[in-house]
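Student: Task: produce atomic coordinates for the following.
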Amino acid sequence: MCNTNRLTFFLTGLGIGSVAGLLLAPMSGNRMRNRLGEMANQVNDGLREQAENLGRVAGKTKSTADKAVEKSRDAVHGVGRTMEEKGRQLQEV
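Tutor: Modelled structure (predicted):
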């Protein structure tokens with residue numbers, strides 16, 4: 001399982017467990033709303049971090065793919081030039 005999925009599951013479990021704990025714990029409505037707001041901010045921060053990580057991974061993947069495409073293009077052009085040269089040599093014979 002990749003680290004992104006683990007973190008997502010962890011954050012989801014953390015959020016569910018925290019909300020359940022708050023709803024079952026005796027405290028005033030104002031205090032509970034404050035704690036729920038804090039937890040929502042923590043989840044938001046975690047999701048933002050996940051999105052940033054995903055963006056970095058996507059950028060690296062795109063860069064790797066671009067390099068592979070460029071190498072493939074160069075190889076195909078090289079093969080094409082070689083074939084043209086060999087074709088000319090055959091015509092001369």
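Student: Check which helix or strand F9 maps to.
Tutor: helix 3-24 (DSSP states H and E).
Student: What's the local residue count around the closest residue to L47 other than its chain neighbours?
Tutor: Closest residue to L47 apart from its sequence neighbours, by C-beta to C-beta, 6 or more residues apart in numbering: L11 at 7.2 Å. C-betas here are computed from N, CA, C, even on glycine. L11: 17 surrounding residues under other C-beta atoms under 10 Å.
Student: so who does L11 touch?
Tutor: Shown in contact with L11 (C-beta atoms under 8 Å, 6 or more residues apart in numbering): 43, 46-47, 50.
Student: how near is it to L22?
Tutor: 16 Å (C-beta to C-beta, to the nearest Å).
Student: Dump the C-alpha coordinates for the helix holding F9 into CSV.
Tutor: Extracted in CSV, the C-alpha atoms of helix 3-24 (Å, rounded to 0.1, in the frame of the first residue of the first chain):
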residue,chain,number,x,y,z
ASN,A,3,2.2,6.1,1.7
THR,A,4,-0.5,8.3,0.2
ASN,A,5,-3.2,5.7,0.9
ARG,A,6,-1.9,5.1,4.4
LEU,A,7,-2.0,8.7,5.3
THR,A,8,-5.5,9.1,3.8
PHE,A,9,-6.8,6.2,5.9
PHE,A,10,-5.0,7.5,9.0
LEU,A,11,-6.5,11.0,8.6
THR,A,12,-9.9,9.5,7.9
GLY,A,13,-9.7,7.3,11.0
LEU,A,14,-8.4,10.2,13.1
GLY,A,15,-11.3,12.4,12.0
ILE,A,16,-14.0,9.8,12.6
GLY,A,17,-12.5,8.8,16.0
SER,A,18,-12.2,12.4,17.1
VAL,A,19,-15.7,13.3,16.2
ALA,A,20,-17.1,10.2,17.8
GLY,A,21,-15.1,11.0,21.0
LEU,A,22,-16.3,14.5,21.1
LEU,A,23,-19.9,13.6,20.6
LEU,A,24,-19.8,11.0,23.3
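Student: Fine, thanks again, bye for now.
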